[in-house]
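Engineer: let me see the structure of the following:
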Amino acid sequence: CFGIVYYPCSLWCLALLLLLVVIILAIIIALLIIFVGKNNQANAMLLAINSTEELNYTTNITEPTVTNASATAVKMIMKMVMAMTTTVPVGTTTTPLSCGQSCLNESWISSAHSIARWPFDGSYTDIINGHNGFPSAYPPAFATGYILQAASFNASQQQAMHTSFIPLYNVSFTIDAWIKPTGYPNPENHSIVGLCPSKIVNKCLHINIRNKKLYFGFYNDDLQGGTEILLNEWIHVAFSFDKVTSMQTIYLNGYLDGQHKASTTLEISSGNFTVGTNEGVNFGSDYFQGYIDQLSIAQRLKSSCEILEIATLAARFKFDIPSPYTDSGPNEVATTYLDTSIVVGYLNQAISFSGVSMSYFQASGLTSLGISNRAFSLALRIQPQKLSVSSLLTVTDDEVSCLTKQKKGKDGSYLLVTIKTDVIVFENRAATIKYIA
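Structural biologist: Below you'll find the model as predicted:
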């Protein structure tokens, strides 16, 4: 060892060699740790592109942005997830809610404990429990709504509707609807719904637009939202009360607009439930001016994630048996299709397009796509097999045609496309890609 062969120098030399080996191994291990760490960081960046808002959906919904998307494919297999999204109008003060890991423990769209729902499709019928509406002397008309038809209220004609008593005594509850105010003719209040047999604290439910902002009160135990409500625009409003925490909450387009801790629960055991007015109001006219659609009441606290999904999920098509062409979202939009079949998909079943003549699936009645200055997103899982020119998505003023299969070429001929897709989801809010599941 370095020419030293006599004891004890040979032992010192051996010890130095062992120390050198240990140092070299330590350096190698340190370099490996640094390399692995950087690799994990890079992977994390790929899984969280601009992840300012996490979207860990239990339904594996993912949401990148798109406008009119076209792709090149003569034959491909794909899983498609589409999200039509709405940005909050300029000047609002709504507070975005994080909808990440916490949503995994929250409820999603459910009809559980629903006690009333009025779609206002040509009638005042409650399709849940028979709380059918009785119109005023000048009955509200029906007009084009957010979904199919809506009730149209004219404040100058004092148009309104009332029903039998709806039990909200000492319970958690959520009331939500799509509304489109068209004017503010009253000095202060424009009632959406009410249950107010007497003007006593916690014995008078009044939900309205007061001074151009949403208002939710139990009579002198009230909450006002922070956003000025614009006219002539469809918005989703939700008002929830949590019996456990006594918290009143207002949501606008799925986002928190205000919270207030009430002194106690609502203590009403009788009276008519009113729509478009409030029978307990006696300080000037309070009649609503505009449209109300899809009014619903649940005798439970809907989670923030559920309300966000109700407000933003325009449509979802899973293409699963037994109702493969039915929208499983909250709006039940109409669909048509031609030359398609249901086959084994990436997740359960999928829709398959024949590629013969014109083969397509089409969804209509997506009101949010017709609202100006609102973003929407599209994400899809594809496995291209042959490439050519085709159209994946066509959006018109009247309809959204998904995966049209015929595209006219430069020579005037048509290119036929065979496509298989698993899930299509439209959403009504801006989204950021986190991962594609």
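Engineer: ok, which stretches of the protein are helices?
Structural biologist: For the chain, the helices defined by DSSP state H cover 9-47, 304-312.
Engineer: those: lowest mean pLDDT?
Structural biologist: The stretch with the lowest mean pLDDT among the helices of the chain is helix 9-47, at a mean of 68.
Engineer: distance of T274 from P185?
Structural biologist: Applying C-beta to C-beta, to the nearest Å, the value for T274 to P185 is 18 Å. For the C-beta atoms, the positions are set from N, CA and C on the backbone; glycine is no exception.
Engineer: how about low-confidence regions in this structure?
Structural biologist: Where the chain drops to pLDDT under 70, the residues are 1-10, 35-109, 282-284, 355-357, 375, 377-437.
Engineer: can you list the domains in it?
Structural biologist: 1-47, 75-87+313-427, 108-302 (automatic domain parsing).
Engineer: can you lay out the ones you listed as CSV showing mean neighbour count?
Structural biologist: Shown next, in CSV, are the domains of the chain (neighbours: other C-beta atoms under 10 Å):
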stretch, mean neighbour count
domain 1-47, 10
domain 75-87+313-427, 19
domain 108-302, 19
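Engineer: could you check how far A26 is from I34?
Structural biologist: A26 is 13 Å from I34, where distance means C-beta to C-beta.
Engineer: strands of the stretch 101-250 of the chain, start to end?
Structural biologist: 114-118, 134-135, 141-144, 149-153, 161-163, 173-181, 189-195, 205-210, 213-217, 222-228, 235-242, 247-252 (DSSP state E, counting those that start in this stretch).
Engineer: what does the stretch 251-400 of the chain give?
Structural biologist: Under DSSP E, counting those that start in this stretch, the stretch 251-400 of the chain gives strands at 255-261, 273-275, 290-298, 313-317, 334-338, 340-344, 349-353, 360-364, 377-386, 393-395, 399-402.
Engineer: ok, which of those comes nearest S198?
Structural biologist: Ranking these by proximity to S198 (C-beta to C-beta) places strand 273-275 first, at 14.0 Å.
Engineer: can you list the residues that contact that closest one?
Structural biologist: 116, 118, 131, 133, 151, 160-166, 191-196, 292, 295 (C-beta atoms under 8 Å, 6 or more residues apart in numbering).
Engineer: what residues are up against T326?
Structural biologist: So T326 contacts F317, E332, T335 (C-beta under 8 Å, 6+ apart).
Engineer: the last one against Y360, yeah?
Structural biologist: So the one you mean is T335. No: assessed by C-beta atoms under 8 Å, T335 is found out of contact with Y360, at 10.6 Å.
Engineer: would JSON lines of the strands of the stretch 101-250 of the chain with distance to A262 be doable?
Structural biologist: Shown next, in JSON lines, are the strands of the stretch 101-250 of the chain (distance: least, C-beta to C-beta, whole Å):
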{"stretch": "strand 114-118", "distance to A262": "20"}
{"stretch": "strand 134-135", "distance to A262": "30"}
{"stretch": "strand 141-144", "distance to A262": "35"}
{"stretch": "strand 149-153", "distance to A262": "28"}
{"stretch": "strand 161-163", "distance to A262": "24"}
{"stretch": "strand 173-181", "distance to A262": "12"}
{"stretch": "strand 189-195", "distance to A262": "15"}
{"stretch": "strand 205-210", "distance to A262": "11"}
{"stretch": "strand 213-217", "distance to A262": "9"}
{"stretch": "strand 222-228", "distance to A262": "8"}
{"stretch": "strand 235-242", "distance to A262": "7"}
{"stretch": "strand 247-252", "distance to A262": "5"}
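Engineer: out of those strands, nearest to T312?
Structural biologist: Among the strands of the stretch 101-250 of the chain, if distance is taken as C-beta to C-beta, the winner is strand 235-242, at 8.2 Å.
Engineer: which elements pack onto the closest one?
Structural biologist: For strand 235-242, the packing partners by 3 or more C-beta pairs under 8 Å, 6 or more residues apart in numbering; DSSP states H and E come out as strand 173-181, strand 213-217, strand 247-252, helix 304-312.
Engineer: got the angle for the third one vs strand 205-210?
Structural biologist: Orientation note: strand 247-252 sits at an angle of 40 degrees relative to strand 205-210 (axes from the mean of the first three to the mean of the last three C-alpha atoms, to 10 degrees).
Engineer: strand partners (parallel or antiparallel) of strand 247-252?
Structural biologist: strand 235-242 (antiparallel), strand 255-261 (antiparallel) (DSSP bridges).
Engineer: between those, which one is nearest to S364?
Structural biologist: For S364, the closest of these is strand 235-242, at 20.1 Å, according to C-beta to C-beta.
Engineer: now the angle from that closest one to strand 213-217?
Structural biologist: Using the same axes, to 10 degrees: strand 235-242 against strand 213-217 is 20 degrees.
Engineer: angle of strand 235-242 against strand 222-228?
Structural biologist: 150 degrees.
Engineer: follow-up on the earlier one: next, format the helices and strands packed on strand 235-242 as TSV and append distance to G365.
Structural biologist: As requested, the helices and strands packed on strand 235-242 are exported to TSV (distance: least, C-beta to C-beta, whole Å):
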stretch	distance to G365
strand 173-181	13
strand 213-217	26
strand 247-252	23
helix 304-312	16
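Engineer: of those, which is nearest A137?
Structural biologist: Closest among the helices and strands packed on strand 235-242, using C-beta to C-beta: strand 173-181, at 22.6 Å.
Engineer: and the closest one, what does it pack onto?
Structural biologist: For strand 173-181, the packing partners by 3+ C-beta pairs under 8 Å, 6+ apart are strand 189-195, strand 235-242, strand 290-298, helix 304-312.
Engineer: follow-up on the earlier one: what's the closest of the contacts of T326 to A177?
Structural biologist: E332 (15.9 Å).
Engineer: ok, the closest one - contacts?
Structural biologist: Applying C-beta under 8 Å, 6+ apart, the residues contacting E332 are I147, T326.
Engineer: phi, psi of it?
Structural biologist: phi 50, psi 50 (degrees, to the nearest 10).
Engineer: pretty sure T144 is touching A151, no?
Structural biologist: No: under the criterion of C-beta under 8 Å, T144 is not in contact with A151, lying 11.6 Å apart.
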